[in-house]
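Asks: Need the 3D shape of this:
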Amino acid sequence: MNDALKAMASGLAGAVVLTMVHESLRRFVPNAPRMDVLGMRSIEKLMTKADAEPPQDKDELHTWALAGDVLSNSLYYSLAGTGKSAWWRGAALGAAAGVGAVLLPGPLGLGEEPSNKTTKTQVMTVGYYLLGGLVAAALGYALSDKDKD
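Replies: Okay, the predicted model is just below:
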């Protein structure tokens, strides 16, 4: 397997873990981040601007949002790459995504509450994305030729 495929596999792993954590904890933890809500709002906003009809069924829209999250986060986390340096890249990418997820939704017109409701929500948001970056880094490192890098 070449390095690009290894990086994509590690990015997918990070994205799947991130989405599983979000989807699991939002059901049980008060004030947990609701990145799914931001995803649904994003799809509705983009489709409306493109004069397209977003799904009216909330379950279908939620499925689209989760699929979009996994796809976009997979590509993003694949930037962690492979080798020893994947660790710092994965950590930096995860932390940056988490901070962005807290700071950007308001200015983008998506609302602040889903990722910014309380300090606990903000910390969980950054932590979840950092975890995703570290999972991508761990797999990228594990799949790499340890002699390179």
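
Asks: and Lys84, helix, strand or coil?
Replies: coil (DSSP: H, G, I helix; E, B strand; the rest coil).

Asks: I'd guessed it sits against Tyr141; true?
Replies: Yes: the criterion here is C-beta atoms under 8 Å, and Lys84 meets it with Tyr141 at 6.7 Å. C-beta here means a position set from N, CA and C on the backbone, and glycine is covered the same way.

Asks: Settle it for me: which of the two has more neighbours?
Replies: The residue with more neighbours, out of Lys84 and Tyr141, is Tyr141; 21 against 13, by other C-beta atoms under 10 Å.

Asks: May I ask which helix or strand encompasses that one?
Replies: Counting by DSSP states H and E, the element that carries Tyr141 is helix 119-143.

Asks: Show me what that helix is packed against.
Replies: For helix 119-143, the packing partners by 3 or more C-beta pairs under 8 Å, 6 or more residues apart in numbering; DSSP states H and E come out as helix 3-25, helix 58-77, helix 86-103, helix 113-116.

Asks: need the ones you listed in CSV with distance to Ile43, mean pLDDT and mean neighbour count, can you?
Replies: Compiled in CSV, those are given as follows (distance: least, C-beta to C-beta, whole Å; pLDDT from 0 to 100; neighbours: other C-beta atoms under 10 Å):
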stretch, distance to Ile43, mean pLDDT, mean neighbour count
helix 3-25, 15, 96, 20
helix 58-77, 6, 97, 17
helix 86-103, 16, 97, 19
helix 113-116, 14, 94, 20
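
Asks: quick one: the helix holding Tyr141 to chain centroid distance?
Replies: 9 Å (C-alpha atoms, centre = their mean, to the nearest Å).

Asks: What residues of that helix count as buried?
Replies: For helix 119-143, the buried set under the neighbour-count rule, 16 or more other C-beta atoms under 10 Å, comprises 121-122, 124-126, 128-141, 143.
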